[in-house]
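K.L.:
Give the three-dimensional model of this entry:
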Amino acid sequence: SVDMALMLLTASHSWLVSTKLDVKTSSKLPLTPALRDATDEKLGKQLDRYDKYLNSVSVNLKVEHRALHDREHVGKEAHIAEVTALCRDKQVIR
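P.N.:
So this is what the prediction gives:
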């Protein structure tokens, strides 16, 4: 059935993403299951597409407080995701 195929596709996709994707956070930002799932969802399609070229992918999630040198953004936060991919041919993509 269509539901069963969709369930299998989702399960295999999650397995692939979880094995290749290393998610880290700063000390101020706890890694919750919801945050992990959101990261998997955002990067999953790209990881599937370029799977044959990638060895591993690491994601560093952090929150930066703005306005150190800019008064316009006082009290604002920037949510940043830094992605680093290690390719099979030893190239690094950031």
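K.L.:
What backbone torsions are found at residue 84?
P.N.:
Main-chain torsions, residue 84, degrees, to the nearest 10: phi -130, psi 120.
K.L.:
quick one: it from residue 22, how far?
P.N.:
To residue 22, residue 84 is 9 Å away according to C-beta to C-beta, to the nearest Å. (Glycine included, C-beta is placed from N, CA and C.)
K.L.:
Which residue, neighbours along the chain excluded, lies closest to residue 79?
P.N.:
In space, and not counting its chain neighbours, residue 79 is closest to residue 63: 5.7 Å by C-beta to C-beta, 6 or more residues apart in numbering.
K.L.:
Give me the residues contacting the helix or strand where the one you found lies.
P.N.:
Counting by DSSP states H and E, the element that carries residue 63 is strand 54-65. Outside strand 54-65, the residues that touch it by C-beta atoms under 8 Å, 6 or more residues apart in numbering are 20-26, 28-29, 31, 35, 39, 43, 47, 76-88.
K.L.:
Which ones among these map onto strands?
P.N.:
Cross-referencing the contacts of strand 54-65 against strands under DSSP state E gives 21-25, 77-87.
K.L.:
Between which two of those is the distance greatest?
P.N.:
Of all pairs drawn from these, the greatest distance, 32.2 Å, lies between 77 and 87 (C-beta to C-beta).
K.L.:
Settle it for me: which of those two has more neighbours?
P.N.:
The residue with more neighbours, out of residue 77 and residue 87, is residue 87; 14 against 11, by other C-beta atoms under 10 Å.
K.L.:
residues in contact with the residue nearest to the spatial centre of the chain?
P.N.:
Nearest to the mean C-alpha position of the chain, by C-alpha atoms, centre = their mean, lies residue 39 at 4.0 Å. Neighbour list for residue 39: 21, 23, 59, 61, 81 [criterion: C-beta under 8 Å, 6+ apart].
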